[in-house]
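1. Pasting a predicted model and its sequence here:
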Amino acid sequence: MWRAGLKVFFIGIMGLLSAMPGLAATQTVTAHIAFASPGSATKSSDVNFGAIKADAVGAHTITPDGVVTSGGQSIPVGETPTASNIMIMGGTDQAINISVAQYTGGGVSPQNATCTYGDHPGGPCEIIDASPPGKGTPLRLGVQAILNGAQFVGAPSPSFTVTITYP
């Protein structure tokens, strides 16, 4: 009989405990998300090697500062060479990456693009964590063109793609 009484006692205690509100703490969490300003790049000039003798074999290089060197039969014959200039705009607190790829050309093989960006000195155009562009930071590009002797008047111009991303 005392077992039956003990059983009723425990069932009563369990009922009381389950009827009490749970002891829990709550905390509200706010998720902060900062969105980077959409960037833009405005090209004011392409790389211009000037006029070069057709069907020549050799290398022709222009630096980001517009200095041209020629080798082999690559002979400049006119026009004023210029490096490419691109103005990059975006946020003031988000670094950027700059890279070059997709070199194409007809009888001319572009390669080894070099660039200067803001206070980044000239060098290979693979820049990681470059300073934020803000209201405008210039990117100047040069490139080397390898002439294979198959180029002709009216041949397609060589090209390459510059990509600017947030890391």
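-> Right, received. Where do you want to start? Numbers count the residues shown, from 1 in each chain.

2. how far out from the middle of the chain is stretch 78-86?
-> The chain centre lies 23 Å from the centre of stretch 78-86; the measure is Cα atoms, centre = their mean, to the nearest Å.

3. contacts for it?
-> By Cβ atoms under 8 Å, 6 or more residues apart in numbering, the residues outside stretch 78-86 that reach it are 41-51, 62-66, 68, 138-142, 162. The way it works is simple: take the backbone N, C-alpha and C, and place the C-beta from them, glycine included.

4. Quick one, which of the residues you listed are buried?
-> Buried residues within these, counting neighbours by 16 or more other Cβ atoms under 10 Å: 41, 47-49, 62-64, 66, 68, 139-142, 162.

5. continuing past the lowest-mean-pLDDT helix or strand in the chain, what's the next helix or strand?
-> Least confident helix or strand, the chain: helix 2-19 with a mean of 55, by mean pLDDT, DSSP states H and E. Next helix or strand after helix 2-19 toward the C-terminus (DSSP states H and E): strand 40-45.

6. Now do that next one: which elements does it pack against?
-> Secondary-structure packing of strand 40-45 (3 or more Cβ pairs under 8 Å, 6 or more residues apart in numbering; DSSP states H and E): strand 84-89.

7. Which two of the buried ones among the contacts of stretch 78-86 have the greatest separation?
-> For these, the farthest-apart pair by Cβ to Cβ is 41 and 68; their separation is 24.5 Å.

8. Where does the prediction get shaky in the chain?
-> Scanning the chain with the threshold set as pLDDT under 70 gives 1-22, 32, 34-37.

9. Number of residues surrounding the spatially closest residue to residue 69 that is not a sequence neighbour?
-> Leaving aside its chain neighbours, residue 69 sits nearest to residue 61 (5.0 Å; criterion: Cβ to Cβ, 6 or more residues apart in numbering). Close neighbours of residue 61, defined as other Cβ atoms under 10 Å, add up to 19.
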